[in-house]
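[1] Give me a model of this one.
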Amino acid sequence: MFSTLLVVAFLVVFGMVLIAASLAWNVTERKRQRVLDKRLQRTLAEMTEVDTDLLKKSSASEVEFYGKLLDRFSFTATLQDQLAQANMKWSVGFLVGLMLVSGLLALNILMRVRYVPGYLVPLGVAAVGFLPYWVVLRKRTRRLAQFEEEFPEALDFLARAMRAGHAFSISLELLSQESPDPLATEFRQVTEEHNLGLPLEASLVNLARRVPLLDVRFFVSAVMLQSRTGGNLSEILIKLGYVIRERFKLKGQVRALSAQGRLTGKCLAVMPIVVVLLMMVVNAEYMRGLFDFPYGRHLIGAAVILQCLAFYVIRRIVDIKV
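    Numbering: from 1, shown residues only. Below is the predicted model of the structure:
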């Protein structure tokens, strides 16, 4: 009994150390990112005195009372931006309601399953309730990744159009007509805001806010600095596109080198589930003893928590920023 408690204590302490190390790494990385963002925002901040809100603000919900209630929370604006970046037609009210309904359904199901330990019920409810938001984040990540992948071609297109004699604003309009989504959607909004009377620099600032990518901030900063200091903008855009492509090459090499770690994490996450299912098919009585025994349920709960923790730690280790 003492040896079992010692092993469990060691696993708990080891997991806490890994979580602390991961959080320390995240804090350091976010601090470095904030320093770089502040340097870029020094140029973008000069446009804050311009009224850039030409479009009608979307309501959090079509139900007036529900929308006013959501507007009181600070996360509503963040959710609206994330839904727009994911190019989803959901409203914030619909997303929050879907999360609440999913959580309540999970609570109703988990409370009826007698094999589930009590301390796993809140975790299960939170995990299921988070699923709609996870879908939004996945779509947002994919759309931003697609934009980032196609962005160097857009910079080359702008440079070629300017070398052909077109103005920069006309080049942006041509880009919005010739490019696929999501480039066409975002640059079309830039040209529409400019045609409605918003200064081009302010429209580009809105682009940097809608598409929170470092490359887009570099692009907007380069265009704004060139408009103030002069220079060959087409040459600047070509060099910026070359830098972005080189960074993509380095990122591809890093992903190739870390592919084994990602595959290992997936295999380690799926293997216990597969083993349990096979054991229930081969010898159900053997596994039923683990479910019926009181300490067995707690062991299953601890295994689920540690498995999720291990998967998260492995994902953080192989997620190398370039």
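[2] what residues are up against residue 170?
    By CB atoms under 8 Å, 6 or more residues apart in numbering, residue 170 lies in contact with residue 161. C-beta here means a position set from N, CA and C on the backbone, and glycine is covered the same way.
[3] Tell me the spacing between it and residue 162.
    Note on residue 170: its distance to residue 162, by CB to CB, to the nearest Å, is 9 Å.
[4] swap in residue 127?
    From residue 127 over to residue 162 (counting by CB to CB), the distance is 50 Å.
[5] quick one, which of the two is more surrounded?
    residue 162 (18 against 15; other CB atoms under 10 Å).
[6] Tell me which helix or strand that one sits in.
    helix 120-163 (DSSP states H and E).
[7] average model confidence for that helix?
    In this model, helix 120-163 carries a mean pLDDT of 89.
[8] same question for the helix or strand that that helix is followed by, mean pLDDT?
    Moving toward the C-terminus from helix 120-163, the next helix or strand (DSSP H and E) is helix 168-178. Taken as a whole, helix 168-178 carries a mean pLDDT of 89.
[9] Just the CA trace of helix 168-178, in PDB.
    Extracted in PDB, the C-alpha atoms of helix 168-178 (Å, rounded to 0.1, in the frame of the first residue of the first chain):
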ATOM      1  CA  PHE A 168      -0.700  50.300 -55.000                       C
ATOM      2  CA  SER A 169      -4.500  50.600 -54.400                       C
ATOM      3  CA  ILE A 170      -5.300  49.300 -57.900                       C
ATOM      4  CA  SER A 171      -2.800  46.400 -57.200                       C
ATOM      5  CA  LEU A 172      -4.800  45.500 -54.100                       C
ATOM      6  CA  GLU A 173      -8.000  45.500 -56.000                       C
ATOM      7  CA  LEU A 174      -6.600  43.300 -58.700                       C
ATOM      8  CA  LEU A 175      -5.300  41.000 -56.000                       C
ATOM      9  CA  SER A 176      -8.700  40.700 -54.400                       C
ATOM     10  CA  GLN A 177     -10.200  39.700 -57.800                       C
ATOM     11  CA  GLU A 178      -7.500  37.200 -58.800                       C
END
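[10] Go through that helix and flag the buried ones.
    Going by neighbour count (16 or more other CB atoms under 10 Å), the buried part of helix 168-178 is 168, 171-176.
[11] would you list the residues you listed in CSV and tack on distance to residue 208?
    Below are these laid out as CSV (distance: CB to CB, whole Å):
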residue, distance to residue 208
168, 16
171, 18
172, 14
173, 19
174, 21
175, 16
176, 16
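[12] Residue 261: which of the residues you listed is nearest?
    residue 175 (38.1 Å; CB to CB).
[13] buried ones in stretch 130-140?
    132-133, 136, 139-140.
[14] ok, now stretch 182-202?
    For stretch 182-202, by 16+ other CB under 10 Å, it's 182-184, 186-191, 193-194, 198, 200-202.
[15] Please, which helix or strand holds residue 103?
    helix 92-112.
[16] can you give me the mean pLDDT across that helix?
    Rounded mean pLDDT across helix 92-112 is 85.
[17] what about residue 223, how many neighbours?
    So residue 223, with other CB under 10 Å, has 20 neighbours.
[18] thought it was touching residue 233?
    Yes: taking CB atoms under 8 Å as the definition, residue 223 is a contact partner of residue 233 at 6.9 Å.
[19] Tell me the helices and strands packed up against the helix or strand hosting residue 82.
    Taking DSSP H and E as the criterion, residue 82 maps to helix 75-85. In terms of contacts (3 or more CB pairs under 8 Å, 6 or more residues apart in numbering; DSSP states H and E), helix 75-85 is packed against helix 92-112, helix 120-163, helix 200-210.
[20] So which of these is nearest residue 321?
    So among the helices and strands packed on helix 75-85, helix 120-163 is nearest, using CB to CB, at 13.7 Å.
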